[in-house]
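Participant: Give the three-dimensional model of this entry:
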Amino acid sequence: MLLVALVFIFVAAELFTNALECVGERMGVSEGVTGSIFAAVGTAMPETIVPIVAILAGGASIQVNHAVGMGAILGAPFMLATLSLCLIGFFVGLKRGWHATLNPEPTGFKRDIKVFILAYVLVIGVAMLPVAWHEARMIVACALFVIYFMYLLRTIQASKRLVEEGHGTEADSDLYFKRFAGDTTPIAVLQLILALAVLVFGAKLFVHGIETASTYLGIGALVLSLLIVPIATELPEKVNSILWIRKGRDTLAFGNVTGAMVFQGTIIPGMGMLLLPWHFQSGYAALAVVLAIAGSAWLWFLENTGRLNGKMLLLNGILYLIFIVYAVV
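Facilitator: Numbers count the residues shown, from 1 in each chain. The predicted model follows:
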């Protein structure tokens, strides 16, 4: 089941990136918009669906449903800021050399990281509020929605200037569906929608396979959601970014990850605050958000010091290992 799911995900990711590049090129938008908004939100659908289904339509145990929902919400940014960036560094090292400098478009890259850190500080702060402060949680949830809306406006407003500076989206190859149905925008959108549907199906199949296998390990619901489920739900981002990084499309590769971090650090926690008590009842959840901020801060440091390369990004994987050790011990 896991192998079949991986095949679906890899094939769908190739179709998705190809269609997205073609749509972005036809729309005349920057790589920042294509990567940080289109790709990030599109491939975030699996990890968006999982917590909502767990909270609203889970099993008989409300406690388990809340644990799975909280874990899925917090696990996605944690996985992106640690393991996903580590994998990008690994494939960059293999393809270009361990000390080759990566060059994502800097303004959008830094904006993504700053917005994510700001939002996640709010996420941590709300978790420390008294249980009875429901109104405060609702206010912060609305603030997170507004932050993401303002982020969208800033990213879209910067698109025209970036295109003029040579950062426009360009497709590496013709639309794959061209040979079957022609090379038109509606066909490109159709390929995009079908690829996204297969991505979601493959991720859900992978989640089911992992959950079945994990029963033999006796892993708790929260740890499972933080550690294992995001591996499957984040596969679209990982695969898309690896495909783009191997093609030398650094802005698209990083935008896909950092843009997803912004979406999953604002919209998804905001929804969680409206549906859950939103308290870190164990050290696992608290450690996950701290490590997510640490991973994004390290990424910001690398970009600002000119040390963004494959070797340095491998250190993000150490943060992921820290959580594994904590969970096992």
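Participant: can you pull the buried residues of stretch 246-256?
Facilitator: 249-256 (16 or more other CB atoms under 10 Å). Where C-beta positions appear, they are placed from N, C-alpha and C, glycine not excepted.
Participant: chain center to it: distance?
Facilitator: Remark: stretch 246-256 is offset 14 Å from the chain centroid, using CA atoms, centre = their mean, to the nearest Å.
Participant: can you check stretch 5-13 too?
Facilitator: The chain centroid and the centroid of stretch 5-13 are separated by 17 Å under CA atoms, centre = their mean.
Participant: where do the strands sit along the stretch 201-329 of the chain?
Facilitator: Taking DSSP state E, counting those that start in this stretch as the criterion, the stretch 201-329 of the chain contains no strands.
Participant: For it, give me the ranges with low pLDDT.
Facilitator: The stretch 201-329 of the chain contains residues with pLDDT under 70 at 203-204, 206-237, 281.
Participant: circling back to that earlier point, looking at the buried residues of stretch 246-256, which two lie furthest apart in space?
Facilitator: Asp250 and Asn256 (10.8 Å; CB to CB).
Participant: any common contacting residues for those two?
Facilitator: Contact criterion CB atoms under 8 Å, 6 or more residues apart in numbering; residues shared by Asp250 and Asn256: Trp244.
Participant: Closest to Phe109 out of the buried residues of stretch 246-256?
Facilitator: The closest of these, once distances to Phe109 are taken by CB to CB, is Phe254, at 5.9 Å.
Participant: pLDDT wise, what is the closest residue to the closest one other than its chain neighbours at?
Facilitator: With sequence-adjacent residues excluded and distances taken as CB to CB, 6 or more residues apart in numbering, Phe254 is closest to Pro104, at 4.2 Å. You'll see Pro104 listed with a pLDDT of 89.
Participant: For Asn304, see how far away Pro104 is.
Facilitator: 13 Å (CB to CB, to the nearest Å).
Participant: and those two? which has more neighbours close in?
Facilitator: Just comparing Pro104 and Asn304: by other CB atoms under 10 Å the higher neighbour count belongs to Pro104, 25 against 12.
Participant: Over to that one. Which of the three states is it?
Facilitator: Assigned with DSSP: H, G, I helix; E, B strand; the rest coil, Pro104 falls in the coil class.
Participant: For it, give me phi and psi.
Facilitator: phi -70, psi 150 (degrees, to the nearest 10).
Participant: Identify the residues contacting it.
Facilitator: With CB under 8 Å, 6+ apart, Pro104 has these contacts: 250-251, 253-255, 303, 308.
Participant: Ile193 versus that one, what's the distance?
Facilitator: From Pro104 across to Ile193, the span is 27 Å (CB to CB).
Participant: Next: Leu83.
Facilitator: To Ile193, Leu83 is 28 Å away according to CB to CB.
Participant: So which of those two has more stuff around it?
Facilitator: Using other CB under 10 Å, the more surrounded residue of Leu83 and Ile193 is Leu83, with 21 against 13.
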